[in-house]
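Asker: Predicted coordinates and the sequence they were generated for:
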Protein chains: 2
Amino acid sequence: MSIINPSILPGFMELLPEEQKQFDTIKNIIESNFQKYGFVNIDTPLIEKEEILLSKGGGETTKQIYKIDKESTPQALRFDLTVSLARYVSMYAHNLSFPFRRYQIGKVYRGERNQKGRYREFYQCDIDIIGNEKLSIINDGEIPSVIYNIFKDLGYEELILFRINNRKLLSGFLESISVSDFESVLRTIDKLEKIGKENTKNELLKLNIVEDKIEEIFNFIENKETNLETIEFLNGLEINNDKFIEGRAELIELFNYMKKFAIPEDAIKIDLTITRGLDYYTGTVIETFLKGYESIGSVCSGGRYEDLANNFTKKKYPGIGLSIGLTRLYYQLNEAGLIRLEKEENNNILVLPMDETVLDYSIEIVNYLRENNIKSQIYLEQGKAKKKFNYADKIGVKTALIIGEQEKNNKTISVKDFNNGNQVEIELNKLLEYIGG
Amino acid sequence: MSIINPSILPGFMELLPEEQKQFDTIKNIIESNFQKYGFVNIDTPLIEKEEILLSKGGGETTKQIYKIDKESTPQALRFDLTVSLARYVSMYAHNLSFPFRRYQIGKVYRGERNQKGRYREFYQCDIDIIGNEKLSIINDGEIPSVIYNIFKDLGYEELILFRINNRKLLSGFLESISVSDFESVLRTIDKLEKIGKENTKNELLKLNIVEDKIEEIFNFIENKETNLETIEFLNGLEINNDKFIEGRAELIELFNYMKKFAIPEDAIKIDLTITRGLDYYTGTVIETFLKGYESIGSVCSGGRYEDLANNFTKKKYPGIGLSIGLTRLYYQLNEAGLIRLEKEENNNILVLPMDETVLDYSIEIVNYLRENNIKSQIYLEQGKAKKKFNYADKIGVKTALIIGEQEKNNKTISVKDFNNGNQVEIELNKLLEYIGG
């Protein structure tokens, strides 16, 4: 038989078991926080009809989509979890309770240009709160507190920074100075940090905005030293535009409710340059960074949308959502040397029968451990003691139970601690107590 | 904007949040048992190169595969987890510890004919133990004990039945009576239960096996009353064929080790008609049924393979593995009315602020619960009390904390138990104790 070189496609992340364990720990922290805050899981198909996926209209997405070559109905892999959420909510609305607090953790697919740290298959971890016809702004304040606690549990309590804004505020301001084409302006401003002030200015000029107005825009979005200064600045502006006034009120409410939901103020920055590229968002916008590691980019982002499912239903479902791109996050944290989780010890207990004559006794012991819900495994191969200890070493267990002739005859176990090399012979009925302590 | 009818493709399972919770509970029981027995998780890409997926040679698989229409490298969705495991083991062998005990729970894709209970996207939950060059038969006895404990935790302790056999045994027997083309005969016998004795006989005749030999085969595989009788029958056969003798020894060892790994004997049936269709298996074969519900088919199956990765490497990796098709299992259990998990109560605590003036106090309470790791949520919308209680009812919480003016002023909480309708006003500092009890 001819041998095929085993390999995977470029742009896909695949981890060794130890790294996978680290990855899973992060994923579990994310999921358990989602659950702790009362979000329920949904698990939608990875393949959707193309008409569903492309319902928002094409653009970049169409080019990046993974089409499935199957049967008559055009179908493709999902490129995010939001389109499926919109479809789900409009399909099952009658069976859901609103506000509908759902989470979903799943893989999505985008045929991005092949480059370091960009993945074509990656996990998104989404939480959204969806209202029926309306949804209180207070939800916008609660949802970042879930994210705060995730990053706290991951060990980044001191680093996390939410940069918050409201798209109505800037749209209203632009309207008040008679600049139209908000979407293009907002998309341009979104790039400010990446491309710098000069380039941003040039792009705005290309949009036919005169230099004076560009100055006004820059004055408006320029970051103030403190949140208080920004709020005072905004409150001092006498702009008689409904959108602006609504956006300002919402932004200040968001800020206040985030604090009430126990996010420390120094983890929040009102930042009028944050607009998010997508015209999908209509109010609150949030980008999350790790202080001192801004170069790794936003680690969680999202915002408020007025109408989740307008492609699928005439009913109005406003929502607020945040999303962590877990695969990229894991890559970024590694690159930045920021994985703070201690390399987890392998807490399995390893039972090592020294020869065949003690096998049955050894199996009894591993049965006993498992009956008592202790993660455990037994080495069943024949071989020299050295080979068995090497295995213990390689899988990184800290405790092994050594079973030989003596232990079998005495109804004892020799417990070896691989951290300090100590070995103690104890009676079987003391085992649980001993390894528990 | 035109409205697109929200729908999913046929052959895909999608659940409502309550069903999803049930499904996730089963999935969690499976995963936690895998971990308890010392298996480590791997998470491979859903998309693989076509040359990898089809390395075993086409047949049925090629027709069912979901091809991806993307770029120059032919690629497709995985149709099982085993091919990816073989690729993974041969790619990373130097970084793995053998015996390599891996589990994987993930979705796989097969373009099956559209029929009830058959899914095109479904979860497989696999455990395998892979040896480097060799692997003790005792592993074949351990691995069903993981499955036994999963079904025990699911509430099917009394129902589970492992039907076990060894392919060497039947091959050796056929060799001894000079019947060649074992694979075709084994595949035919595999259908015995489904198509009946007469049809099986006709199919064997078509394979040019004479009637006398067919009788001999039926005599051989005919089920005896007890395992002991089968073992005595096999031990009584004086067949001088190495394969037969090896298979017999392995089957009896498997039986004995399954018992040693704490599987009750009445959950095991040595069944010489079990052959599994796939020529992939070389020794032990196992099918798992629920007694009295045989019509729902095998709920877990697998076996021993001598050479996992022979398409990718010249090194030999023998293994033993079992797989649960979770999506189909969930469907089958539901159809059979067998979901024994009680409809889980929603254990979230729901905080219900009665009006806006008590919002801040209510948020303090939900913060406090979450800090103490209690799953909790707060209803943030405005509206009448009735609407709020309806929401509590709809999401099925059993405990709500009612916060009104009085509670705020007294620094108390009214705890409402939805099971019995009782409502008690307690002091804030008694809350944890009260809801914990």
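Answerer: Happy to help now that I have it. Bear in mind the structure is a predicted one, so any value in this text is a computation, not a measurement. Numbers count the residues shown, from 1 in each chain, chains lettered A, B, ... in the order given.
Asker: Make sure A:E51 is actually in contact with B:S2.
Answerer: No - using C-beta atoms under 8 Å, A:E51 is not in contact with B:S2; the gap is 10.5 Å. No exception for glycine: its C-beta is placed from N, CA and C like everyone else's.
Asker: Comparing those two, which residue is more hemmed in?
Answerer: Taking other C-beta atoms under 10 Å in any protein chain shown, A:E51 and B:S2 do not tie; A:E51 has more neighbours (14 against 5).
Asker: part of a helix, is that one?
Answerer: Yes - A:E51: assigned to a helix according to DSSP: H, G, I helix; E, B strand; the rest coil.
Asker: which residues touch it?
Answerer: Contacts for A:E51 (C-beta atoms under 8 Å, 6 or more residues apart in numbering or on different chains) come out as A:74, B:4.
Asker: Recalculate using a threshold of 6 Å.
Answerer: If you count contacts by C-beta atoms under 6 Å, 6 or more residues apart in numbering or on different chains, A:E51 has them with B:I4.
Asker: Please apply the same query to A:R87.
Answerer: Contacts of A:R87 by C-beta under 6 Å, 6+ apart are A:52, A:312, B:6.
Asker: ok, the residue nearest to the spatial centre of chain A to chain B distance?
Answerer: Compute the mean C-alpha point of chain A, and by C-alpha atoms, centre = their mean the closest residue is A:I324, 2.5 Å away. Per C-beta to the nearest C-beta, to the nearest Å, A:I324 is found 17 Å from chain B.
Asker: what would the contacts of A:R87 look like in JSON lines with pLDDT and neighbour count?
Answerer: Listed next are the contacts of A:R87 as JSON lines, based on pLDDT from 0 to 100; neighbours: other C-beta atoms under 10 Å in any protein chain shown:
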{"residue": "A:I52", "pLDDT": "95", "neighbour count": "23"}
{"residue": "A:F312", "pLDDT": "96", "neighbour count": "23"}
{"residue": "B:P6", "pLDDT": "97", "neighbour count": "21"}
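Asker: Let's have those in CSV, adding distance to B:A76.
Answerer: Compiled in CSV, those are given as follows (distance: C-beta to C-beta, whole Å):
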residue, distance to B:A76
A:I52, 22
A:F312, 30
B:P6, 27
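Asker: Which of the three states applies to the closest residue to chain B within the stretch 201-350 of chain A?
Answerer: Per C-beta to the nearest C-beta, A:F312 is where the stretch 201-350 of chain A lies closest to chain B, at 4.1 Å. Secondary structure, three-state DSSP: A:F312 is coil.
Asker: wait, what's in contact with whatever residue of the stretch 1-150 of chain A ends up closest to chain B?
Answerer: Proximity of the stretch 1-150 of chain A to chain B (C-beta to the nearest C-beta) peaks at A:G38, 2.8 Å away. A:G38 is in contact with A:101, B:348, B:377, counting by C-beta under 6 Å, 6+ apart.
Asker: okay, it: pLDDT?
Answerer: Note on A:G38: pLDDT of 95.
Asker: Skipping its backbone neighbours, what lies nearest it in space?
Answerer: Excluding the flanking residues, the one nearest A:G38 by C-beta to C-beta, 6 or more residues apart in numbering or on different chains is B:Q377, at 2.8 Å.
Asker: and that neighbour, how many neighbours?
Answerer: With other C-beta under 10 Å as criterion, B:Q377 counts 23.
Asker: is the worst-scoring helix or strand of chain A on mean pLDDT anywhere near chain B?
Answerer: Lowest by mean pLDDT, DSSP states H and E among the helices and strands of chain A is helix A:60-64, with a mean of 78. No - judged by C-beta under 6 Å from any C-beta of the partner chain, helix A:60-64 stays clear of chain B, getting no closer than 9.8 Å.
Asker: Now that helix: buried residues?
Answerer: For helix A:60-64, the neighbour count (16 or more other C-beta atoms under 10 Å in any protein chain shown) marks no residue as buried.
Asker: How about residues contacting that helix?
Answerer: Here helix A:60-64 makes contact (C-beta under 6 Å, 6+ apart) with A:79, A:110-111.
Asker: Minimum pLDDT in these, which residue is that?
Answerer: Among those, A:G111 has the weakest pLDDT, 90.
Asker: Name the nearest residue to it, ignoring sequence neighbours.
Answerer: Nearest-residue entry for A:G111: A:Q64, 4.6 Å, with adjacent residues in sequence omitted and distances by C-beta to C-beta, 6+ apart.
Asker: now the residue of chain A most remote from its centre: how far from A:Y361?
Answerer: Here chain A reaches farthest from its C-alpha mean at A:N409, the gap being 53.3 Å by C-alpha atoms, centre = their mean. As judged by C-beta to C-beta, to the nearest Å, A:N409 and A:Y361 stand 9 Å apart.
Asker: Over to A:E433?
Answerer: Counting by C-beta to C-beta, the gap between A:E433 and A:Y361 amounts to 20 Å.
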